[in-house]
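J.: Predicted coordinates and the sequence they were generated for:
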Amino acid sequence: MKNVVVLVSILFVSIQTHGLEPLSAEDLSAVSGQGGVYLSGDITINENGGPLNIDGPSANGYSWQTSCTTASTDKRCGGRIAVNSGAGGGWLVLDNIRGRFSFEGLTLRTRKINSDFDGDGAAFNSDVFEIGLPNNLNYEDASFTIANSNSARPTDAGFMQTDIMTVNINGKANLQGNLLIFPTGAP
Amino acid sequence: MTKNFRYAILSTFLLSMVIQVNAELIGLDDQELGAVDGEGIGFILEDFAFEAGTDVATGNRLDISGIKNKNGQDVVLSVSQFYVAGAGSNRGANVIGNPVNLGRLLYPYNLELVDGDTIGIADKAVFEYSAPHRNTGSLSGSDSMLVVATEARSGAKGQRIDRVTGIDISVLNSRAAERADFGIRYDLEVAGSRAQSLEGHAQGVAIDGSYIRLWGENNEMVGNLALKVFASDLTFYACDSAGNNCGQDVRFQNFVLENELGWGEKQPVTFEVDSSGNFTIEVGRLNSACADLNSSGGCALGGAGYSDFYNNGPRADIHIGNVAVGGANFGSATIANMQIQYLRATSHDLGAP
């Protein structure tokens, strides 16, 4: 048994040294990942008010549950992001985040740029991360509200909120182009 | 069995040694590491065009609500077109297929954490989101697009702008192909019925030199803002509720806005929400810019104490090369040397009981 294990390990060593040749730095630099990713997405957020509304407590003084129809602007419906602007102060709120959002044909890949861009490409001569924007975005009652509030949750005691504006998007937005992301400065 | 296991571990170790020896990773010494300077993340939009809200009849809508008129009726801004496109968009008629590059590879939109010591905010890491940088202009001699003639005014410290003699495009890093056209058409809906249609279109827009800087101080969010806009043409007009029978347009040609809000730590801008849920923006007092305060909180040295602020502090300048209404030219207009010493604005909810 002892000998078998030693033999097997020697066998492995011999495969490593003879079978697989390491790539030199030159060879490695010639390797270029050509693949990419093509994505489509269909996202629905809080169509019926979100999990707290559906499963939230309604007894013992809590009142999370409410009727969240599509048209409802109840503060308990939809997603809510509240950021405290200072100790002891109020909250900057992105509220009522609801609706359906879908796209087809978002692409992700890396790309070497060393030409074009009205002469900038040659001077840039570097890699970028490219997000190919989909040709259209479809919205179905996608909405959000920008607001200020005195407390983080709409169920907190003495809750007050000033809604600045509400945006509601329906239908299709057309777009084209690529978003290029890259490190700036001298790495 | 234990022995065999040890052999197995030994052979695995030997195997890994073989791989290790072949690897070509070389450690960085302190000097090399010290030269690493990851400055930020650059963004540009290549061949970009965007259009939303068109074809309202088939249900494409982008509505902005939350406004009421004086009678308490809901006012909705129903956007029937919002677009971003390249030059020659013809007021939104030519958008998809007419793209623009926003930002340049060498001068991108940039997101980074800046060392506050280099921008007058001591010992802080400052979050900065900036548009493409500006050049020193060949005509203006500064990063301002305005070529100005200055004069000394009695009662004022230092030189003040007398008049604008020209616009220096060489300040911008965004070239003609990187200046966007954008515009918006929207209908005003009052209490559910469409009242009026308004349109605004901008051509050749660059926001080079703009930035937003944010940091924290005394448990508060503090910032500095700069909004610098150049548009070769701005046009506004109103139409009837069906979008027809449009009135005469108001045109601003060669529009330049250069506005700074806040001056590092000397005059911070704070954003906060008070305990009743109302938003407050405050451009701080200049106390820290003044060496010696008098009993009422002003500068003991009077205007002399503020000379640094007057000469180097943040200010707002607006210049319009030509204002035209309905085809009649009114010539140029300039508002210059506006400086804010203190500002506090608070929102109030009129709908609250």
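T.: Nice, thanks for sending it over. Residues are numbered from 1 along each chain as shown, chains lettered A, B, ... in the order given.
J.: Contacts only, for B:T165.
T.: Going by C-beta atoms under 8 Å, 6 or more residues apart in numbering or on different chains, B:T165 touches B:V147, B:V148, B:A149. Backbone N, C-alpha and C define where each C-beta goes, glycine included.
J.: so how far is A:A173 from it?
T.: 43 Å (C-beta to C-beta, to the nearest Å).
J.: A:G41 too?
T.: A:G41 is 14 Å from A:A173, where distance means C-beta to C-beta.
J.: Could you do B:Q73 as well?
T.: 29 Å.
J.: ok, those two, which is more surrounded?
T.: Taking neighbours as other C-beta atoms under 10 Å in any protein chain shown, B:Q73 and A:A173 compare with A:A173 leading, 20 against 13.
J.: my guess is that one contacts A:L137, does it?
T.: Yes. Counting by C-beta atoms under 8 Å, A:A173 does reach A:L137; the two are 4.7 Å apart.
J.: in what helix or strand does the closest residue to B:L261 other than its chain neighbours lie?
T.: Spatial nearest neighbour of B:L261, chain neighbours left out: B:L225 (4.3 Å); criterion: C-beta to C-beta, 6 or more residues apart in numbering or on different chains. Remark: B:L225 resides in strand B:220-239, with elements defined by DSSP states H and E.
J.: So which other helices or strands are in contact with that strand?
T.: When contacts are defined as 3 or more C-beta pairs under 8 Å, 6 or more residues apart in numbering or on different chains; DSSP states H and E, strand B:220-239 packs onto strand B:193-206, strand B:211-217, strand B:250-261, strand B:269-273.
J.: Just want the angle from the longest one to strand B:250-261.
T.: What that stands for is strand B:193-206. Orientation check (axes from the mean of the first three to the mean of the last three C-alpha atoms, to 10 degrees): strand B:193-206 against strand B:250-261 gives 70 degrees.
J.: And the shortest one, by the same measure?
T.: When the same axes, to 10 degrees is applied, the directions of strand B:269-273 and strand B:250-261 differ by 90 degrees.
J.: List the contacts of strand B:269-273.
T.: For strand B:269-273, the surrounding residues in contact (C-beta under 8 Å, 6+ apart) are A:85-86, A:89-92, A:148-150, B:220-225, B:261-262, B:279-284.
J.: Tell me which helix or strand comes right after it.
T.: Trace forward from strand B:269-273 with DSSP H and E and the next one is strand B:279-283.
J.: Could I have the CA atoms of that following strand written out in PDB?
T.: Taking Å, rounded to 0.1, in the frame of the first residue of the first chain, the C-alpha atoms of strand B:279-283 are listed here in PDB:
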ATOM      1  CA  PHE B 279     -35.200  69.500   3.800                       C
ATOM      2  CA  THR B 280     -32.700  72.300   4.500                       C
ATOM      3  CA  ILE B 281     -29.700  73.400   2.400                       C
ATOM      4  CA  GLU B 282     -27.300  75.800   4.000                       C
ATOM      5  CA  VAL B 283     -24.300  77.700   2.500                       C
END
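J.: How far off centre is the following helix or strand past that strand?
T.: Later in the chain than strand B:279-283, the nearest helix or strand by DSSP H and E is helix B:307-312. Offset of helix B:307-312 from its chain centre (C-alpha atoms, centre = their mean, to the nearest Å): 23 Å.
J.: One more: stretch A:124-132?
T.: Taking C-alpha atoms, centre = their mean, one finds stretch A:124-132 lying 19 Å from the centre of the chain it belongs to.
J.: List the buried residues of it.
T.: For stretch A:124-132, burial by neighbour count (16 or more other C-beta atoms under 10 Å in any protein chain shown) applies to A:F124, A:V128, A:E130, A:I131, A:G132.
J.: mind putting those residues in JSON lines, distance to A:G177 and pLDDT included?
T.: Putting those into JSON lines (distance: C-beta to C-beta, whole Å; pLDDT from 0 to 100) gives the following:
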{"residue": "A:F124", "distance to A:G177": "18", "pLDDT": "87"}
{"residue": "A:V128", "distance to A:G177": "14", "pLDDT": "89"}
{"residue": "A:E130", "distance to A:G177": "10", "pLDDT": "91"}
{"residue": "A:I131", "distance to A:G177": "10", "pLDDT": "91"}
{"residue": "A:G132", "distance to A:G177": "8", "pLDDT": "91"}
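J.: Mind checking which of those residues land in helices?
T.: A:F124 (DSSP state H).
J.: The buried residues of stretch A:124-132 also near chain B: which ones?
T.: With C-beta under 8 Å from any C-beta of the partner chain as the criterion, those include A:F124 near chain B.
J.: Pretty sure B:Y107 sits against B:P132.
T.: Yes. Counting by C-beta under 8 Å, B:P132 is a contact partner of B:Y107 at 3.9 Å.
J.: any residues in contact with both of these two?
T.: Both B:Y107 and B:P132 are in contact with B:N173, B:S174, B:D208, where contact means C-beta under 8 Å, 6+ apart.
J.: got a list of what the first one touches?
T.: In this structure, B:N173 makes contact with B:R104, B:L106, B:Y107, B:P132, B:H133, B:R134, B:N135, B:D208, judged by C-beta under 8 Å, 6+ apart.
J.: tell me the SS of the second one?
T.: This means B:L106. Following DSSP: H, G, I helix; E, B strand; the rest coil, the label given to B:L106 is coil.
J.: what about it, how many neighbours?
T.: Neighbour count for B:L106, taken as other C-beta under 10 Å: 17.
J.: can you pull the contacts of it?
T.: Going by C-beta under 8 Å, 6+ apart, the list of residues near B:L106 reads A:D120, A:A123, A:F124, B:N173.
J.: What score does the residue lying closest to the second one once chain neighbours are set aside have for pLDDT?
T.: By the measure of C-beta to C-beta, 6+ apart, the closest residue to A:A123 outside its immediate chain neighbours is B:L106, 6.2 Å from it. You'll see B:L106 listed with a pLDDT of 88.
J.: and B:L106, backbone torsions?
T.: Note on B:L106: its backbone torsions stand at phi -90, psi -20 [degrees, to the nearest 10].
J.: so where's the chain shaky on pLDDT?
T.: In the absence of a named chain, chain A is used. Low-confidence segments of chain A, defined by pLDDT under 70: A:1-20, A:28-35, A:49-66, A:70-71, A:73, A:87, A:185-187.
J.: nope, chain B please
T.: Along chain B, segments meeting pLDDT under 70 span B:1-38, B:55-57, B:155-158, B:287-294, B:296-305, B:349-353.
J.: any idea how far B:V273 lies from B:N311?
T.: Taking C-beta to C-beta, one finds B:V273 at 35 Å from B:N311.
J.: the more surrounded of the two?
T.: More neighbours surround B:V273 than the other of B:V273 and B:N311, with 25 against 10 (other C-beta under 10 Å).
J.: How about that one: what's its closest non-neighbour residue?
T.: Spatial nearest neighbour of B:V273, chain neighbours left out: A:G90 (3.1 Å); criterion: C-beta to C-beta, 6+ apart.
J.: from what I can see that neighbour touches A:S149, true?
T.: Yes. Contact criterion C-beta under 8 Å: A:G90 and A:S149 qualify, at 6.1 Å.
J.: anything in contact with each of the two?
T.: Jointly contacting A:G90 and A:S149 under the rule C-beta under 8 Å, 6+ apart are B:V273, B:G277.
J.: tell me the SS of the closest residue to B:R104 other than its chain neighbours?
T.: Closest residue in space to B:R104, ignoring its immediate chain neighbours: A:D120 at 5.4 Å, by C-beta to C-beta, 6+ apart. A:D120 falls in the helix class when you classify it by three-state DSSP.
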